[in-house]
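**Q** Structure for this input, please:
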Amino acid sequence: MKKIKYLISFLLITAFIIGCTEDDDNTRFVDDIAAPTNVSASVSVTQDNTGLVTITPLGEGMVNFELDFGDNSEGSGVIQPGDNVDHIYEEGTYTLEITANGLNGLKTVVNQQLIVSFQAPQNLVVSIENDLVVSKQVNVTATADFALSYDVSFGDPNNTVLSANIDEGVSFIYEDAGTYTITITAYSAAIETTTYTEEFEVTAILQPLASAPTPPNRAEEDVISIFSTAYNDVPDTDYFPDWGQASQGSGWALFDLGGDEMLQYTNLSYQGIALADGTSIDVSNMESLHLDVWTAEAVTDIEVSLINNALGVVTEAPVTISLNENDWTSIEIPISDYVDQGLTVNEIFQLKFVGTPWAAGTVFIDNIYFWKTPSGTPTGIAGTWKLSNTAGALGVGPSVGDIGWWNCDDVCVADRACYYDDLYVFNEDGTFSNVLGTDTWVEGWQGGADGCGAPIAPHDGSNAATYVYDSGAGTVTLNGVGAYLGLPKAVNTGELTNPADAPASVTYNVTLSNFDTEMMVYIEAGAGVFWQYHFVKEGAAPSPLAGTWQMAQEAGALGVGPSVGDIGWWNCDDVCVADRACYYDDQYVFGADGTFNNIFGSDTWVEGWQAGTDGCGAPVAPHDGSNAATYSFDLGTGQLTLNGVGAFIGLPKAVNTGELTNPADAPASVTYNVVFIDDNTINVSIEAGAGVFWQYKLVKN
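**A** Residues are numbered from 1 along each chain as shown. Coordinates of the predicted model:
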């Protein structure tokens with residue numbers, strides 16, 4: 001008798017340990033647990049014409065199972081996760097009903113067809129393919145008449161055999177690329193089996209399938225770019241000088257990934273980049289050298305050298321970095337790592353890359369640039385401004401901060417693209433201009449049709465205008481018929497109904513923030529009618545928060561206590577950090593344009609109040625980064641506000657009013673306090689209820 005053995009992957013809940021945890025001391029979260037998911041059954045049958053079928057129910061978020069065998073026999077009774085049951089069937093086709101029971105009484109019922117045949121499988125059709133994303137992974141699917149399951153013998157040195165239900169897929173990752181004999185054996189309840197064999201070439205993915213991360217917006221004076229589409233590169237740079245490395249078997253080319261070009265160095269021994277003859281760059285006031293490197297498994301490390309030519313004396317210094325396998329490695333090398341080796345960096349004219357092992361593999365390199373943190377010096381109202389092209393940046397309501405009467409949502413923003421590209425220019429000499437281009441949003445009172453059209457005088461920027469900004473009063477007055485901010489109809493005396501009635505001046509209330517790169521504007525257009533606008537400055541230096549941050553992967557970076565600086569109640573120690581690897585790789589991305597994103601990948605740490613099991617799992621809405629969010633930051637006070645339901649830093653449960661017990665209660669905004677330790681390290685705290693301070697240490701990638 002042959003017994004089919006399965007390798008089964010499942011998630012199970014075995015027990016809830018009641019006691020003191022670091023996060024919660026009650027079980028109210030049980031009420032919020034969702035019904036079980038991914039419910040199915042793995043089945044196998046003995047090949048002896050007896051009809052003996054072994055059934056193993058599978059699922060996530062359940063405490064036990066029950067089966068209805070579909071043949072009018074008595075049900076299985078309760079089955080614990082990981083257990084299986086045997087059942088004898090007559091020859092035929094049955095509907096197996098699988099009931100997964102959740103902790104809070106919710107059930108998930110799934111029907112699965114089960115064919116028991118005493119005929120050998122017929123018409124076996126097999127699909128064997130290399131995975132398009134995972135290197136050296138082979139995906140197999142088999143279908144056959146009368147079959148219930150199949151085995152795949154992958155022909156690898158370990159003689160790996162995996163099993164699956166018929167019509168379902170199975171995957172295996174080989175240690176090495178090459179040609180292997182793959183054998184598929186299909187089983188029914190009959191003694192006879194049906195077999196298919198194929199000599200299959202397993203391939204490795206040797207080039208990136210996705211572009212490197214997009215560099216952040218930076219002011220021109222804060223970056224020196226060598227190779228990147230995000231910035232202006234040093235002109236006439238030679239990315240492929242032949243310094244003799246061709247004799248080592250090395251090669252080079254531009255690799256084009258769907259229009260995104262990157263440097264490709266094949267069989268990397270050493271490779272140089274040379275600035276144009278007579279050209280050098282001074283990077284002594286820069287903080288870091290950035291580059292993104294992709295490689296397959298052959299190249300484990302890359303040595304990056306800067307080469308200086310001060311006073312005609314050539315010196316260089318190397319820094320070695322380990323590389324991720326089959327993925328992009330974003331590298332930041334502090335300039336101090338070179339200076340500390342005695343290298344002068346005021347006349348850099350070459351860079352050099354060395355691969356480890358020598359001449360053994362290919363690397364792809366993109367986004368090579370030097371950068372520094374912007375000074376963050378406020379520039380006042382002077383500059384070029386646009387309305388933020390985010391929902392709610394334009395609206396009206398009965399009071400400041402309330403745009404409930406009407407506001408421009410995402411659809412509206414898209415419809416009014418001709419309006420959201422309008423420029424409002426405050427020049428240093430006190431002049432002001434509306435720059436509208438060929439079209440803007442023209443309303444009915446202007447003779448338009450509430451749509452895009454040619455600007456209408458006098459609100460077309462044709463008249464000369466000036467401005468007076470009073471920072472103390474928080475006002476700006478535009479002087480000049482037709483000069484306006486936001487909507488031309490909203491003036492101090494009400495709302496215009498005729499362009500000819502445009503006043504000679506209009507005064508607005510303004511609040512600058514985020515290093516004077518954002519401006520909130522409102523005007524009371526008649527009693528109790530507040531038009532409100534959110535502007536962003538064009539080409540402004542970004543906030544020092546701009547960039548990608550992660551929790552510092554060290555003990556004590558996450559904790560809670562009775563005051564800022566005290567995490568004595570609980571903090572995540574080294575073991576905790578290792579257990580929560582899925583959390584410590586989460587990213588908190590502050591855009592230079594004021595947008596904010598939580599980026600988790602496929603999993604993060606999910607707590608019980610989120611219907612999780614205090615472990616790694618798929619992010620739970622709204623704390624999954626799916627909602628649009630923005631941020632504002634006041635460097636003077638250190639106050640950071642995230643706007644957007646579900647946007648958070650550190651732990652999603654810690655909000656200003658206390659600790660959440662239900663994801664549905666997530667607030668529209670959360671305010672934190674931020675202290676910069678250095679340009680790339682911050683401490684973030686939030687008082688989640690009186691005297692409860694959650695605290696996080698973040699580092700910039």
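**Q** quick one: low-confidence parts of the stretch 351-500 of the chain?
**A** Low-confidence segments of the stretch 351-500 of the chain (pLDDT under 70): 374-379.
**Q** For it, which segments count as strands?
**A** Applying DSSP state E, counting those that start in this stretch to the stretch 351-500 of the chain gives strands spanning 363-371, 383-387, 394-397, 406-407, 423-426, 431-435, 440-442, 451-453, 465-470, 475-479, 490-491, 494-495.
**Q** Do a quick rundown of the strands in the stretch 151-300 of the chain.
**A** Ranges of strands in the stretch 151-300 of the chain, per DSSP E, counting those that start in this stretch, are 161-165, 169-173, 178-187, 194-202, 223-227, 251-257, 260-266, 270-274, 288-295.
**Q** for these, which one ends up most surrounded?
**A** strand 288-295 (a mean of 24; mean count of other CB atoms under 10 Å). To be clear about C-beta, it is placed using only N, CA and C from the backbone, and glycine gets the same treatment.
**Q** can you tell me the average pLDDT over it?
**A** The average pLDDT for strand 288-295 rounds to 94.
**Q** same thing with stretch 241-259?
**A** Mean pLDDT, stretch 241-259: 88.
**Q** and the end-to-end length of it?
**A** 24 Å (CA to CA, to the nearest Å).
**Q** next one: that stretch to chain centre, how far?
**A** 32 Å (CA atoms, centre = their mean, to the nearest Å).
**Q** what's the distance between the closest residue to residue 68 other than its chain neighbours and residue 52?
**A** Distance criterion CB to CB, 6 or more residues apart in numbering; nearest residue to residue 68, sequence neighbours excluded, is residue 97 at 3.8 Å. Going from residue 97 to residue 52 by CB to CB, to the nearest Å gives 20 Å.
**Q** With residue 676 instead?
**A** Distance from residue 676 to residue 52, by CB to CB: 68 Å.
**Q** okay, those two: which has more neighbours?
**A** Applying other CB atoms under 10 Å to residue 676 and residue 52 shows that residue 52 carries more neighbours, namely 18 against 14.
**Q** number of nearby residues for the nearest residue to the more buried one once chain neighbours are set aside?
**A** In space, residue 52 comes closest to residue 46 once its chain neighbours are excluded; the distance is 4.6 Å by CB to CB, 6+ apart. Residue 46 has 19 neighbouring residues, counting by other CB under 10 Å.
**Q** My read is that residue 46 contacts residue 88, right?
**A** No: counting by CB atoms under 8 Å, residue 46 sits too far from residue 88 to count as a contact (9.7 Å).
**Q** Overlap of the contact sets of these two?
**A** Common neighbours of residue 46 and residue 88, counting by CB atoms under 8 Å, 6 or more residues apart in numbering, are residue 52.
**Q** before we move on, the earlier item: which other helices and strands does the helix or strand that contains the residue nearest to residue 68 contact?
**A** Using DSSP states H and E, residue 97 sits in strand 92-101. On a contact count with 3 or more CB pairs under 8 Å, 6 or more residues apart in numbering; DSSP states H and E, strand 92-101 meets strand 37-45, strand 52-60, strand 64-68, strand 107-116.
**Q** between the shortest one and strand 107-116, how big is the angle?
**A** This points to strand 64-68. 50 degrees (axes from the mean of the first three to the mean of the last three CA atoms, to 10 degrees).
**Q** Show the average pLDDT along strand 64-68.
**A** Mean predicted confidence for strand 64-68 is 95.
**Q** And the last one, by the same measure?
**A** Here strand 107-116 scores 92 as its mean pLDDT.
**Q** That strand: how far from the chain's middle?
**A** 36 Å.
**Q** picking that back up, what's the spacing between the residue nearest to residue 52 and residue 369?
**A** Distance from residue 46 to residue 369, by CB to CB: 64 Å.
**Q** about what we covered before: may I have the beta-bridge partners of the residue nearest to residue 68?
**A** residue 68, residue 111 (DSSP bridges).
**Q** What is the neighbour count of it?
**A** Residue 97 has 16 nearby residues by other CB under 10 Å.
**Q** now swap in residue 500 and tell me
**A** 9.
**Q** How about the contacts made by it?
**A** Contacts of residue 500 by CB under 8 Å, 6+ apart: none found.
**Q** how near is it to residue 456?
**A** Residue 500 is 11 Å from residue 456, by CB to CB.
**Q** what about the nearest residue to residue 168 once chain neighbours are set aside, which helix or strand?
**A** Of all residues not flanking residue 168 in the chain, residue 141 sits nearest, at 7.3 Å (CB to CB, 6+ apart). Per DSSP H and E: residue 141 is located in strand 137-145.
**Q** partners of that strand in the sheet?
**A** Short version: by DSSP bridges, strand 137-145 pairs with strand 122-130 (antiparallel), strand 169-173 (antiparallel).
**Q** Now mean pLDDT too, for those, in a markdown table please.
**A** A markdown table is the format used below for these (pLDDT from 0 to 100):
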| stretch | mean pLDDT |
| --- | --- |
| strand 122-130 | 94 |
| strand 169-173 | 94 |
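**Q** As a markdown table, those strands with distance to residue 473 would be great.
**A** A markdown table is the format used below for those (distance: least, CB to CB, whole Å):
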| stretch | distance to residue 473 |
| --- | --- |
| strand 122-130 | 68 |
| strand 169-173 | 66 |
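**Q** Test my guess that residue 448 contacts residue 440.
**A** No: Residue 448 is beyond contact range of residue 440, at 9.4 Å (criterion: CB under 8 Å).
**Q** Looking at the two, which one has more neighbours?
**A** Comparing residue 448 with residue 440 by neighbour count (other CB under 10 Å), the higher total belongs to residue 440, at 25 against 16.
**Q** Now do the same contact list for that one.
**A** By CB under 8 Å, 6+ apart, the neighbours of residue 440 are 418-419, 422, 452-453, 455.
**Q** again, 10 Å this time
**A** By CB atoms under 10 Å, 6 or more residues apart in numbering, the contact list for residue 440 reads 416, 418-422, 434, 446, 448, 452-456, 459-461, 488.
**Q** Check residue 431 too.
**A** When contacts are counted by CB under 10 Å, 6+ apart, residue 431 touches 425, 464-467, 480.
**Q** Which of the residues you listed has the largest number of neighbours?
**A** Neighbour counts for these, by other CB under 10 Å, peak at residue 467, which reaches 23 neighbours.
**Q** Bridged to it, which residues?
**A** Beta bridges link residue 467 to residue 478 when assigned by DSSP bridges.
**Q** cool, residue 433 as well?
**A** With DSSP bridges as the criterion, residue 433 is bridged to residue 425.
**Q** count of neighbours near it?
**A** When neighbours are counted by other CB under 10 Å, residue 433 registers 18.
**Q** Quick check: it vs residue 477, distance?
**A** If you go by CB to CB, the gap between residue 433 and residue 477 works out to 15 Å.
**Q** repeat for residue 486
**A** According to CB to CB, residue 486 and residue 477 sit 15 Å apart.
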